[in-house]
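**Q** Turn this into a model:
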Amino acid sequence: MAALDQPWLFVLRAAEFSMADPAKAELLQSLGRVVQGLSALFWGVPLGFIAYVQTARTDWLDSFGPFSVAPALILSGVLFHALVQLRHFQRQERIWQQSLDRAEVFAVLNLGLVPFLFWWHRMPGVPLYAACVTLLTITGLLFLIHLNCVLRRLTAMLPDETLRSETRTFTGLNTLMLLTVLGLLCLYFALLRIPDLPCVIQGFLALIGSEGLWLAVFMILMPLAITMALIWKIKETIFSSVFR
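**A** Purely as a prediction, here's the structure:
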């Protein structure tokens, strides 16, 4: 199937219909853009997540100096580009385009906040850097939530009822898990602002502060894996419907 994972094959397929049915040729070309965007999302989402964590908390990239933030920046740009590719499909569908608009907003916010990961890693005591990393964590979770919404809207326009049903179920589960993580993070940050907490709660917050990143990573892995599986299945369904 790897040989088929090329948008130019959709262009060749569209050329077969270009004279007899221009509308079908245009549809195939837009589906090629969708496949390109889904492929970029499939690789960009997990690699971007890894790059964010590595830039913020580990020293693996420190040997590159200021360029250590480049992988996270590039992958954030790849995610935005992927959403732009999806926009070429069914431009007249207002709800579909609006879901892409919302996802693109958070993709742009992530792209703008990524440099603060590098600065916060070097100077964690600066309140501005810490606040921007906190905001990036929230916008990253919101991006995943809206990406699941985009996938649900996309499958609503595809002629596969089984895929639509599975996508509705798993995107709903993903959204619930991501909202739970987001709620716990907001509760944690709110408790940090409250003075004179009991010693037990203060000790618990201190433990979360030292090991909380890896706990959050663990909680995000499940919805991340489900999102990747949905992206792959949607892409394969489009291939099957076009080339069968």
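
**Q** shaky segments in this protein?
**A** 1-25, 58-66, 201-202, 204-205, 207-215, 242-244 (pLDDT under 70).

**Q** where along it do the helices fall?
**A** For the chain, helices defined by DSSP state H occupy the ranges 7-17, 22-57, 70-86, 94-113, 115-122, 127-156, 161-192, 199-243.

**Q** The ones you listed into CSV, with extra columns for mean neighbour count?
**A** For glycine as for every other residue, the C-beta is placed from the backbone atoms N, C-alpha and C. What follows is those, written out as CSV (neighbours: other Cβ atoms under 10 Å):
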stretch, mean neighbour count
helix 7-17, 15
helix 22-57, 19
helix 70-86, 20
helix 94-113, 18
helix 115-122, 19
helix 127-156, 19
helix 161-192, 15
helix 199-243, 15
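
**Q** what about stretch 118-136, start to end distance?
**A** Taking Cα to Cα, to the nearest Å, stretch 118-136 runs 12 Å from one end to the other.

**Q** One more: stretch 187-199?
**A** With Cα to Cα applied, stretch 187-199 spans 17 Å between its terminal residues.

**Q** so how far is that stretch from its chain's centroid?
**A** The chain centre lies 30 Å from the centre of stretch 187-199; the measure is Cα atoms, centre = their mean, to the nearest Å.

**Q** Same check on stretch 119-134?
**A** From the chain centre to the centre of stretch 119-134 is a distance of 23 Å (Cα atoms, centre = their mean).

**Q** Need the residues that contact it.
**A** Contact partners of stretch 119-134, identified using Cβ atoms under 8 Å, 6 or more residues apart in numbering, comprise 55-57, 113, 116-117, 189.

**Q** List the contacts of residue 33.
**A** Counting by Cβ under 8 Å, 6+ apart, residue 33 makes contact with 7, 85-86, 88-89.

**Q** I meant residue 175, not that one.
**A** 145, 148-149.

**Q** The residues you listed into JSON lines, with extra columns for distance to residue 135?
**A** Formatted as JSON lines, those follow (distance: Cβ to Cβ, whole Å):
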{"residue": "145", "distance to residue 135": "16"}
{"residue": "148", "distance to residue 135": "21"}
{"residue": "149", "distance to residue 135": "21"}
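
**Q** on that earlier part again, can you pick out the most distant pair from the contacts of stretch 119-134?
**A** Farthest pair in the contacts of stretch 119-134 (Cβ to Cβ) is 55 and 189. Separation: 20.7 Å.
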